[in-house]
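**Q** build me a model from this:
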Amino acid sequence: MASESGIMGRDPCWKYCTPMEGNKNGTICNYCGLAIKSGEITRFKFHLSHTDPNSNTKKCPNVPPEVKQEIRRLIEQRNKAKAKKAVDIE
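**A** The predicted structure is shown next:
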C-alpha cells in the first residue's frame, strides 16, 4: 500500500483517493472510482481539478465544486513556490 512508502499523508489530496493495491503509483478516486495507474497524486489532482495541462487525464464527473476549488488552489500554490524557487536559483 502507498502508505508504506511514506508518500501518503504528505499531500492533502490523499483524503480524496485510495492507494491502488500492488501499484505504488496508482490511485482510485473516492468520488467516481476511476483507477489512475500512473502519475501518482499529481495526476489525481488534475483529475479532480479538471486542469490537466496536457489533457491526458479524465475529468471527475462527481467531484464537489468546493473540492475542485481546493485542489486548484493547491496546484496554484505549488506552481508559485516552484517559480519562486527557480528565480531564487538564478
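
**Q** quick one, longest helix in the chain?
**A** Across the chain, the helix with the greatest residue count (assigned by DSSP state H) is helix 65-89.

**Q** for that one, buried residues please.
**A** Residues 67-68, 70-71, 74-75 are the ones in helix 65-89 that count as buried (16 or more other Cβ atoms under 10 Å). C-beta coordinates here come from the backbone N, C-alpha and C atoms, glycine included.

**Q** so the residue nearest the centre of the chain versus residue 35, what's the distance?
**A** Closest residue to the average C-alpha location of the chain: residue 45 at 2.6 Å, with Cα atoms, centre = their mean. Distance of residue 45 to residue 35, computed by Cβ to Cβ, to the nearest Å: 16 Å.

**Q** and if you look at residue 55?
**A** From residue 55 over to residue 35 the distance is 19 Å, taken as Cβ to Cβ.

**Q** looking at these two, which is more packed in?
**A** residue 35 (12 against 8; other Cβ atoms under 10 Å).

**Q** does the residue nearest to the centre of the chain touch residue 77 like I think?
**A** No. Between residue 45 and residue 77 there is no contact under Cβ atoms under 8 Å: 11.6 Å.

**Q** can you give me the strands for the protein?
**A** 17-19, 27-29, 35-36 (DSSP state E).

**Q** so where's the chain shaky on pLDDT?
**A** Applying pLDDT under 70 to the chain flags the ranges 1-9, 90.

**Q** one more time with 50
**A** Judged by pLDDT under 50, the chain has its weakly predicted residues at 1-6.
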